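S.K.: give me a 3D structure for the following:
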Amino acid sequence: MLFIEKTIFSIQNMYKPLFNKRQVLVFRHFGNKGYSLFACLGREVVCSVLSVATLTYASAESVATDPIVTDSTATTTAREMMLEEVCVTGSRAPLTRSQAARMVTVLEKADFAQAPVQSVNDLLKYAVGVDVRQRGPLGAQTDISIRGGTSEQIIILLNGINICDPQTGHNAMDLPVDLNDIVRIEVLEGPAGRIYGTSSLVGAVNIVTGVRSQETGDRRNVQAHIEGGSYGYFHVGGRYSTDSRLLTPVSFSNSLSANYSRSDGYSRSKAGNLNTDFSGAKAFYQGQYEDDDLRLHWHMGLADKGWGSSTFWASPKWQADEQYEHTTKLYTAIQGESKRGRLHLSGNVYWNQNRDHYEGYRDRPEVMKYNYNRTDVYGVSFNTYFDWNTADPDRIRNRTALGAELRNEDLVSGNLGEPLAQTHHISGTDRDYTLGVNRTNISGYLEHNILLNNFTISAGIVAVKNTWSNMNITVYPGIDVSYRPSPHWRLHASYNSSLRMPSFTEMYYKLQGYSADPHLKPEEMSAIEAGCNVQYSIFNFQCALWYHQGRNMIDWIMDTTKGDDATWQSVNHTEINSLGLEIGARYHYKSSTLHVSYSLIHQDKKQEPGIVSQYALEYLRHKLVAHALLPLTKRLSLDLNLRWQDRVGSYTDFEGQVCDYRPYVLTDARMTWRQAKWEIYVGANNLFDTRYHDYGLVPQPGRWMIVGSSVNL
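M.R.: Numbering: from 1, shown residues only. Model prediction:
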């Protein structure tokens with residue numbers, strides 16, 4: 001969990017955007033980084049940064065997703081802000097620093113270098129409220145869930161743009177960005193319908209990238225890194241960024257990054273062939289234009305990856321251990337926002353394409369036809385906020401935000417959907433897409449914020465209509481309240497609700513022991529949360545208690561009493577209620593930090609005898625995360641991370657025996673030597689070579705050693 005210190009704002013213009021101050025953990029030795037604040041501030045910011053290791057709450061904001069931009073023109077309408085830490089917001093309209101209505105986990109860029117991680121997927125393991133389940137190492141394929149939910153129930157955003165694949169949530173973390181592109185990662189826990197839109201049933205992960213060189217502040221910057229390790233692992237990448245000042249108040253920035261990685265994997269099939277190997281490449285371009293009145297940001301990313309998925313989709317009836325999958329993802333978006341006036345406007349247009357190629361038997365299409373899917377997602381959204389009835393010119397009492405989004409999801413497939421009136425050729429094959437589904441989601445948002453001396457009340461609704469289910473317009477409300485009885489104490493409480501449409505796989509997948517239901521109902525979630533934060537100079541403590549009430553929760557289940565006739569079926573659970581507790585404490589002295597956090601979850605839905613759940617009833621009952629950052633010398637530092645996890649649920653082996661998940665402890669470590677322009681490091685994941693299962697029949701890797709170096713010019 002992340003905790004807040006104090007923030008000092010000097011505001012010279014009440015009509016400029018003001019921003020929510022949220023609970024954020026500060027590691028002061030990572031201070032003075034220009035990237036440490038949202039781009040939407042639009043003014044020069046002096047701040048220090050967060051630590052990622054064990055994560056706490058700050059807040060996230062759905063419209064402001066650009067990197068920080070420094071305005072070189074100091075006019076009477078400008079304002080100066082002096083901050084001691086990062087702050088982000090959790091509402092559709094940004095608020096001032098003293099409000100903390102919605103809580104969010106924040107991971108800052110400075111910490112990526114500290115933690116022993118090679119991907120965003122690995123980084124999220126240290127968030128106590130996040131469940132990361134792998135089907136391969138180093139982010140080869142990973143499912144992310146929040147607070148006992150499933151990977152289908154969260155929304156993944158890139159710079160505030162929804163990049164989820166409606167075909168399946170399993171491929172949601174195929175990201176085009178390198179860690180060097182990322183400024184900040186925000187994890188919002190709980191339903192987030194009125195902030196991030198539908199599909200954010202139990203939470204959201206927003207990945208914010210930066211255009212300019214955040215480390216040096218130079219107009220031109222070159223970064224390169226290379227690393228290798230166990231099981232034939234190799235990774236190389238680089239990034240080039242420029243910042244051109246066209247005129248005094250105008251800037252034009254660009255960056256381009258690319259990387260390649262591969263591994264032989266850590267296991268082999270019964271026939272002795274590779275079955276957890278992976279290889280892939282990424283490329284990401286982003287640009288930004290800004291003047292006194294307008295900010296535009298655009299990005300284009302490509303992620304291409306193939307990996308052996310081992311025995312993930314296998315069952316006692318179908319004992320395949322050489323499955324393989326290949327995905328190609330394309331992400332494009334352009335975003336804009338105004339910077340002047342009482343009425344603030346923002347909007348975006350985006351197109352994402354996802355291609356998926358699955359092989360039940362690797363390189364053997366004569367045994368089982370390959371599955372091909374292509375989804376195209378088009379979206380446009382608009383958001384605005386304004387202030388009104390402000391009696392005191394030095395204080396904003398009312399702020400209202402409203403917006404709308406239209407999102408079209410189109411699938412063509414060889415296996416999923418309804419018969420197409422006109423088939424489409426599958427590029428590179430002799431086959432056609434013969435099936436498909438098309439649906440459009442329309443959302444409208446309204447939110448109002450009331451700001452008092454020690455209170456903040458933020459309330460709003462999202463109204464949703466989806467063409468697939470012929471549903472009527474449905475409204476999902478939410479309200480957040482914060483109270484600050486003293487400078488060291490902060491109390492918060494909230495109620496929020498949201499919904500999620502079934503993925504196309506959940507509705508239509510029917511192969512090799514799987515039988516989907518095309519008539520699944522949408523999932524709905526209501527949640528309440530209450531918590532507190534206590535913060536002093538070297539010690540912070542935070543806790544949160546939450547309750548989720550889920551209706552029509554979607555799951556894949558198997559009735560093992562049917563023996564050889566048992567199949568996985570997609571179903572709606574009538575109701576699943578969850579109760580959770582999250583606590584965390586942090587001690588920081590000089591350059592050393594110790595941080596411990598713990599999460600406990602209890603569900604009231606019990607598994608029936610003989611019934612095995614693949615998703616909804618498998619959750620982390622206990623998760624403990626501990627982190628220690630120890631500076632050994634001026635240049636040498638040691639980062640230690642420990643995780644203890646105890647999962648509820650079971651899986652069925654090839655003999656048909658039901659096996660319960662066992663608790664396990666993992667320790668990751670990394671030692672880094674830093675110079676001004678370069679660094680070298682050696683790290684180990686699963687340092688003590690623990691053997692464990694985290695996703696059904698797929699065994700997880702043991703000790704994984706990595707050595708690497710990076711340079712920043």
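S.K.: residue 387 and residue 403, how far apart?
M.R.: Applying C-beta to C-beta, to the nearest Å, the value for residue 387 to residue 403 is 16 Å. C-beta here means a position set from N, CA and C on the backbone, and glycine is covered the same way.
S.K.: check which helix or strand covers the residue most central in space within the chain.
M.R.: Per C-alpha atoms, centre = their mean, the C-alpha nearest to the average position across the chain is that of residue 205, at 2.6 Å. If you go by DSSP states H and E, residue 205 is part of strand 203-209.
S.K.: parallel or antiparallel, which strands does that strand pair with?
M.R.: Using DSSP bridges, strand 203-209 pairs in its sheet with strand 154-158 (parallel), strand 182-189 (antiparallel).
S.K.: all helices of the protein, in order?
M.R.: 109-112, 120-123, 193-196, 504-508 (DSSP state H).
S.K.: pick the most buried one from the ones you listed.
M.R.: When these are scored by mean count of other C-beta atoms under 10 Å, the highest mean neighbour count falls to helix 193-196 (a mean of 29).
S.K.: which strands or helices does it pack on?
M.R.: strand 203-209, strand 455-466, strand 474-486, strand 489-500 (3 or more C-beta pairs under 8 Å, 6 or more residues apart in numbering; DSSP states H and E).
S.K.: now do that helix, average pLDDT.
M.R.: The average of the pLDDT scores along helix 193-196 is 85.
S.K.: could you export it as PDB, CA atoms only?
M.R.: The C-alpha trace of helix 193-196 is given here as PDB (Å, rounded to 0.1, in the frame of the first residue of the first chain):
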ATOM      1  CA  GLY A 193     -18.200   2.400 -13.600                       C
ATOM      2  CA  ARG A 194     -18.700   6.100 -13.200                       C
ATOM      3  CA  ILE A 195     -14.900   6.800 -13.500                       C
ATOM      4  CA  TYR A 196     -13.600   4.400 -16.100                       C
END
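S.K.: contacts for that helix?
M.R.: 60, 62, 90-92, 102, 155, 157, 162, 188, 200, 204, 206, 445, 447, 460-462, 464, 476-478, 496-499 (C-beta atoms under 8 Å, 6 or more residues apart in numbering).
S.K.: put the buried members of those into a ChimeraX selection.
M.R.: The buried residues among these can be selected in ChimeraX (16 or more other C-beta atoms under 10 Å) with this line:
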select :60,62,90,91,92,102,155,157,162,188,200,204,206,445,447,460,461,462,464,476,478,496,497,498,499
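S.K.: distance of the residue nearest to residue 661 when sequence neighbours are not counted relative to residue 92?
M.R.: Closest residue to residue 661 apart from its sequence neighbours, by C-beta to C-beta, 6 or more residues apart in numbering: residue 647 at 4.1 Å. Here the criterion is C-beta to C-beta. By it, residue 647 lies 35 Å from residue 92.
S.K.: stretch 509-521 spans what distance, first to last residue?
M.R.: Terminal residues of stretch 509-521 lie 16 Å apart, using C-alpha to C-alpha, to the nearest Å.
S.K.: returning to what we had before: any chance of the helices and strands packed on helix 193-196 in JSON lines, plus distance to residue 107?
M.R.: JSON lines is the format used below for the helices and strands packed on helix 193-196 (distance: least, C-beta to C-beta, whole Å):
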{"stretch": "strand 203-209", "distance to residue 107": "10"}
{"stretch": "strand 455-466", "distance to residue 107": "24"}
{"stretch": "strand 474-486", "distance to residue 107": "22"}
{"stretch": "strand 489-500", "distance to residue 107": "21"}
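S.K.: among these, which is nearest residue 686?
M.R.: strand 203-209 (23.6 Å; C-beta to C-beta).
S.K.: let me see the residues that make contact with that closest one.
M.R.: Contact with strand 203-209 is made by 38, 60, 62, 65-67, 120, 124, 129, 144, 146-147, 149, 153-160, 175, 177, 181-192, 195-196, 284, 286, 299, as judged by C-beta under 8 Å, 6+ apart.
S.K.: which stretches of the protein have low pLDDT?
M.R.: When residues are selected by pLDDT under 70, those of the chain lie in 1-90, 95-100, 110-113, 136-137, 212-218, 246-248, 390-396.
S.K.: pretty sure residue 572 is touching residue 520, no?
M.R.: Yes - using C-beta atoms under 8 Å, residue 572 is in contact with residue 520, at 5.9 Å.
S.K.: overlap of the contact sets of the two?
M.R.: In contact with both residue 572 and residue 520: 552, 554, using C-beta under 8 Å, 6+ apart.
S.K.: between the helices and strands packed on helix 193-196, which one is closest to residue 656.
M.R.: Nearest to residue 656, of all the helices and strands packed on helix 193-196, is strand 489-500, at 32.6 Å by C-beta to C-beta.
S.K.: report all helices and strands that the closest one contacts.
M.R.: When contacts are defined as 3+ C-beta pairs under 8 Å, 6+ apart, strand 489-500 packs onto helix 193-196, strand 474-486, strand 523-535.
S.K.: of the ones you listed, which is nearest residue 691?
M.R.: For these, proximity to residue 691 was assessed by C-beta to C-beta; strand 523-535 is nearest, at 34.6 Å.
S.K.: show me where the stretch 501-650 of the chain has its strands.
M.R.: Applying DSSP state E, counting those that start in this stretch to the stretch 501-650 of the chain gives strands spanning 514-515, 523-535, 539-559, 568-589, 592-603, 611-613, 619-631, 636-648, 650-652.
S.K.: how about a markdown table for the ones you listed, with distance to residue 139 added?
M.R.: Output for these, formatted as a markdown table (distance: least, C-beta to C-beta, whole Å):
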| stretch | distance to residue 139 |
| --- | --- |
| strand 514-515 | 25 |
| strand 523-535 | 27 |
| strand 539-559 | 23 |
| strand 568-589 | 25 |
| strand 592-603 | 22 |
| strand 611-613 | 25 |
| strand 619-631 | 19 |
| strand 636-648 | 16 |
| strand 650-652 | 22 |
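S.K.: next, format these as TSV and append mean neighbour count and distance to residue 330.
M.R.: What follows is the strands of the stretch 501-650 of the chain, written out as TSV (neighbours: other C-beta atoms under 10 Å; distance: least, C-beta to C-beta, whole Å):
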stretch	mean neighbour count	distance to residue 330
strand 514-515	15	28
strand 523-535	20	28
strand 539-559	20	27
strand 568-589	18	28
strand 592-603	20	36
strand 611-613	20	34
strand 619-631	20	33
strand 636-648	19	34
strand 650-652	19	34
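S.K.: for residue 336, find the nearest of those strands.
M.R.: Among the strands of the stretch 501-650 of the chain, strand 523-535 comes nearest to residue 336, with 32.0 Å by C-beta to C-beta.
S.K.: how much does the closest one deviate in direction from strand 568-589?
M.R.: For strand 523-535 against strand 568-589, the angle by axes from the mean of the first three to the mean of the last three C-alpha atoms, to 10 degrees is 10 degrees.
S.K.: what residue, apart from its backbone neighbours, is nearest residue 489 spatially?
M.R.: residue 534 (6.0 Å).
S.K.: is the one you found in contact with residue 543, as I believe?
M.R.: No - contact criterion C-beta under 8 Å: residue 534 and residue 543 do not qualify, at 9.0 Å.
S.K.: just give me the neighbour total for residue 107.
M.R.: Residue 107 is flanked by 27 other residues according to other C-beta atoms under 10 Å.
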